[in-house]
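Engineer: Sequence and computational prediction follow.
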Amino acid sequence: MKKTGQYGIIELERPLARGISAVTVNDPTFSDLAGVITGMKPVTYTDCAPAELPRIVHLCGKLKLSYLLTEEFLGKRGPHFNDAKKMVLIGRNPADLKKAALAWSVHSTGKKWGCLLGYPECCVDAYSKWVAYRKKVKPRPDIIRRIFANTKKTGRLDFRLNNIWNYFSRMDFTDPLDRGSYERIMNNNADFDLPSTHVISWHACAYDCAESARKAGVIFSFMQHHAPAYAAELRERLAHPVIFWDKFRYAFVDGKLEAGTLRYKAVVPPWSLLGDKFYRLAACFDSVKADKSGARFSRAGKPLFRVPAPAPLLLNFSAE
Ligand SMILES: [Zn+2]
């Protein structure tokens, strides 16, 4: 989402409660807050700076939500914690918050924890399998190719499940390369707030996961009702086909995928780590095809530029 003069705040056309006519972009994200209010997520959590706590407590009071300070409740610190952050669980039912804290303390990527966060069971299972798989493979594979490989439907992909910018739970923060790439991609797009530019906060098991689509539909409708301008911008960002090589190298385009050819009018931001040279080149063409030998870019039907294998995925995210 494009940062505005009031970066960090989403103005609501219809308040969530008396006095709540704006929400912050993070801590919790609007997606997570919407998930809790609509019942799509029994619990959500956020790691926030202690200075943010009074605001969260006030928000929960106004919205009749409960919150739990996980480290105080458990009397211990976990891998999420560092001295600068507090882990706060937010939900409608205090008993769910306690259950979630206990589940998390046992296994922070476990099934019980994931399901209490409202992630569909199929997606929790798929994510756990991917976590186990990526430990065995070098370099560690990204989750996007796996999600696409699990997708049976051909044709358009639901933009509400577009998770390309959602690096949460996809990063290996022990890897300096991963950390550096993440920092560079955030710096390349300093005028966007990428970490919150998504409809659902979890990684679907497939881009045609019915339960993720159902939950995404409820969350997105809630956003449209309360913040139509924000929801429209979110759709504008996410509903674009993507030429996807890997976690940090991909291009969003204004175009359409038909019969294996992605025709496009323009390459659009945010910008990945493909580099200025690539973006300038890609802007000279109007279509791309992918096959085993790589990607073929053409202009007016003439192949003019080839990017060698591996072939990128052509992810056809679209609103209709
Ligand atoms: Zn699923």
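Structural biologist: Now that the structure is in, tell me what you want to look at.
Engineer: in the stretch 101-250 of the chain, which spans are strands?
Structural biologist: 157-158, 241-246, 249-258 (DSSP state E, counting those that start in this stretch).
Engineer: Pull out the buried residues from the longest one.
Structural biologist: Under the neighbour-count criterion of 16 or more other Cβ atoms under 10 Å, strand 249-258 has 249-253, 255, 257 buried. Yep, even glycine has a C-beta here, placed from its N, CA and C like the rest.
Engineer: same thing with stretch 13-25?
Structural biologist: Here stretch 13-25 shows 16, 23-25 as buried, counting by 16+ other Cβ under 10 Å.
Engineer: one step back: how about the strands of the stretch 101-250 of the chain in TSV, adding mean pLDDT?
Structural biologist: Converted to TSV, those look like this (pLDDT from 0 to 100):
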stretch	mean pLDDT
strand 157-158	97
strand 241-246	97
strand 249-258	97
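Engineer: Which one, of these, ends up nearest to the ion?
Structural biologist: Among the strands of the stretch 101-250 of the chain, strand 157-158 comes nearest to the ion, with 12.1 Å by Cβ to the ion.
Engineer: what lines up beside the closest one in the sheet?
Structural biologist: Paired neighbours of strand 157-158 in the sheet (DSSP bridges): strand 313-318 (parallel).
Engineer: For the stretch 101-250 of the chain, what lies in contact range of the ion?
Structural biologist: Counting by Cβ under 5 Å from the ion, the stretch 101-250 of the chain comes close to the ion at 120, 122-123, 205, 209.
Engineer: Farthest-apart pair in the residues you listed, please.
Structural biologist: Greatest spatial distance among these (Cβ to Cβ): P120 and C205, at 7.4 Å.
Engineer: still on that earlier bit, with distance to Y264 added, can I get the strands of the stretch 101-250 of the chain in CSV?
Structural biologist: As requested, the strands of the stretch 101-250 of the chain are exported to CSV (distance: least, Cβ to Cβ, whole Å):
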stretch, distance to Y264
strand 157-158, 16
strand 241-246, 7
strand 249-258, 3
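Engineer: quick one: which of the ones you listed is nearest G301?
Structural biologist: Closest of those to G301 is strand 249-258, at 13.9 Å (criterion: Cβ to Cβ).
Engineer: Let me know the next secondary structure element after the closest one.
Structural biologist: Scanning forward in sequence from strand 249-258 by DSSP states H and E, the next helix or strand is strand 261-268.
Engineer: average pLDDT across that next one?
Structural biologist: Across strand 261-268, the average pLDDT comes to 97.
Engineer: picking up where we left off before, closest one to the ion out of the buried residues of stretch 13-25, please.
Structural biologist: Using Cβ to the ion, V25 is the member of these that lies nearest the ion, at 26.1 Å.
Engineer: Low-confidence ranges, the chain, go.
Structural biologist: Applying pLDDT under 70 to the chain flags the ranges 1-7, 77-83.
Engineer: Find the residue closest to the residue sitting nearest the centre point of it in space, skipping its chain neighbours.
Structural biologist: In the chain, the residue lying closest to the centroid (Cα atoms, centre = their mean) is N166, at 2.9 Å. Distance criterion Cβ to Cβ, 6 or more residues apart in numbering; nearest residue to N166, sequence neighbours excluded, is H198 at 4.7 Å.
Engineer: For the one you found, list the residues it contacts.
Structural biologist: Shown here is H198, whose contacts under the criterion Cβ atoms under 8 Å, 6 or more residues apart in numbering are 31, 162-163, 165-166, 238.
Engineer: ok, now with 10 Å
Structural biologist: Shown in contact with H198 (Cβ atoms under 10 Å, 6 or more residues apart in numbering): 1, 29, 31, 160-166, 168, 216, 219, 234, 237-238.
Engineer: I figured I90 was touching I56, is that so?
Structural biologist: Yes. With contacts counted by Cβ atoms under 10 Å, I90 reaches I56, the gap being 7.3 Å.
Engineer: Which neighbours do the two have in common?
Structural biologist: Taking Cβ under 10 Å, 6+ apart as the contact rule, I90 and I56 both touch 27-28, 46, 65, 67.
Engineer: Compute the distance between L257 and F317, please.
Structural biologist: 10 Å (Cβ to Cβ, to the nearest Å).
Engineer: Next: A239.
Structural biologist: From A239 to F317 the distance is 6 Å (Cβ to Cβ).
Engineer: what bridges to the residue nearest to R156 when sequence neighbours are not counted?
Structural biologist: What sits nearest to R156 in space, not counting adjacent residues and going by Cβ to Cβ, 6+ apart, is S318, at 4.4 Å. Counting by DSSP bridges, S318 is bridged to D158.
Engineer: Isn't S318 up against Y207?
Structural biologist: No. Between S318 and Y207 there is no contact under Cβ under 10 Å: 11.3 Å.
Engineer: Tell me which of those two has more neighbours.
Structural biologist: Neighbours were counted for S318 and for Y207 using other Cβ atoms under 10 Å; Y207 has more, 24 against 18.
Engineer: ok, the more buried one touching N163?
Structural biologist: Yes. Under the criterion of Cβ under 10 Å, Y207 makes contact with N163 at 9.1 Å.
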